[in-house]
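Asker: Show me the folded form of this:
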Amino acid sequence: MSIKIIPAIDIIGGKCVRLSQGNYKRKIIYNEDPLEVAKMFEASGIQRLHLVDLDGAKAHHIVNYKVLERIAMNTSLVIDFGGGLKSNKDLEIAFEAGADMITGGSIAVKDPEILLSWIESYGSDRIILGADASNKKIAVAGWTEDSGLDLFDFVQHWMNKGIDKVISTDISRDGMMQGPALQLYQEILQKNPGIYLIASGGVASAQDILDLEKIGVPAVIVGKAIYEGKISPEEIRKINTVTL
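Answerer: Predicted coordinates for the structure are as follows:
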């Protein structure tokens, strides 16, 4: 099976944006209407979407659920949604608005009991662990806080709790288009057999995606490289699979 390409749409103020290294001051608005972007992805043969509520990540509660709702209602994309999901109510809103899966990052550090209850209530197939790191330490709260937790121990802990899907971003590479952290992802795969690892950050070309595939990464989130025209819809069609 080929590597799965999952485009990212990051939302601030209801608009499609990208940050560099998680810095809210280094923001580029790519489209006023995220639905338009989602439809473009769908037309390119994309089946999955990573939707991030950056306002929610900062506010510590879901904010841009209306954007999620519009995309879910007007496309057939399988959406994983993250950013600011901190309570049972947040989770209910996300699923009611059309999320197929949610990504929990900060909550896994700050309120692990809630994340455990979500795994038990909804099943591990609907809960993705967000394991974003800087210098192999987990960062939370929209990457504004360093938790001090070791990335590999963190992933192993949650795999022991039933998690099998993990999104991991090397923050230093995010939005920089300098290539993905191949060595880091190789280490995660070696230390955690059976993990469904979704790599994120640094992808600048179709070759970067193929390099991730070579080391056994099953899925990759791509954002800026698509928006900047470094990866074309035609290349996405060639690489992406038709199965979920």
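Asker: ok, now which ones touch residue 210?
Answerer: 3, 239 (C-beta atoms under 8 Å, 6 or more residues apart in numbering). C-beta here means a position set from N, CA and C on the backbone, and glycine is covered the same way.
Asker: Give me the nearest residue to the residue nearest the centre of the chain, chain neighbours excluded.
Answerer: Nearest to the mean C-alpha position of the chain, by C-alpha atoms, centre = their mean, lies residue 50 at 5.1 Å. Once flanking residues are discounted, residue 50 sits nearest to residue 8: 4.5 Å by C-beta to C-beta, 6 or more residues apart in numbering.
Asker: wait, isn't the one you found in contact with residue 48?
Answerer: No. Assessed by C-beta atoms under 8 Å, residue 8 is found out of contact with residue 48, at 10.3 Å.
Asker: Could you list the low-confidence segments of this structure?
Answerer: 1, 22, 141-146, 174-176, 240-244 (pLDDT under 70).
Asker: now the strands for this protein?
Answerer: Shown for the chain, the strands assigned by DSSP state E span residues 4-12, 15-20, 23-31, 48-53, 78-82, 101-104, 127-130, 133-134, 137-140, 145-150, 165-169, 196-200, 219-222.
Asker: Of all those, which one comes closest to residue 229?
Answerer: Closest to residue 229 of the strands of the chain, according to C-beta to C-beta: strand 23-31, at 11.0 Å.
Asker: Flag every buried residue along the closest one.
Answerer: The neighbour-count check on strand 23-31 (16 or more other C-beta atoms under 10 Å) flags 27, 30 as buried.
Asker: Give me the distance from that strand to the chain's centre.
Answerer: Between the centre of strand 23-31 and the centre of its chain there are 17 Å (C-alpha atoms, centre = their mean, to the nearest Å).
Asker: Give me the contacts around it.
Answerer: Contacts of strand 23-31 (C-beta under 8 Å, 6+ apart): 12, 15-20, 37, 54, 58, 142, 175, 227.
Asker: Among those residues, name the buried ones.
Answerer: For those, a burial check counting by 16+ other C-beta under 10 Å picks out 12, 15, 16, 17, 18, 19, 37, 54, 58, 142, 175, 227.
Asker: pretty sure the first one is touching residue 57, no?
Answerer: Put plainly, it is residue 12. No. Counting by C-beta under 8 Å, residue 12 sits too far from residue 57 to count as a contact (9.8 Å).
Asker: show me the contacts for the spatially closest residue to residue 40 that is not a sequence neighbour.
Answerer: Once flanking residues are discounted, residue 40 sits nearest to residue 233: 7.7 Å by C-beta to C-beta, 6+ apart. When contacts are counted by C-beta under 8 Å, 6+ apart, residue 233 touches 40, 43, 44, 45.
Asker: Thanks a lot, catch you later.
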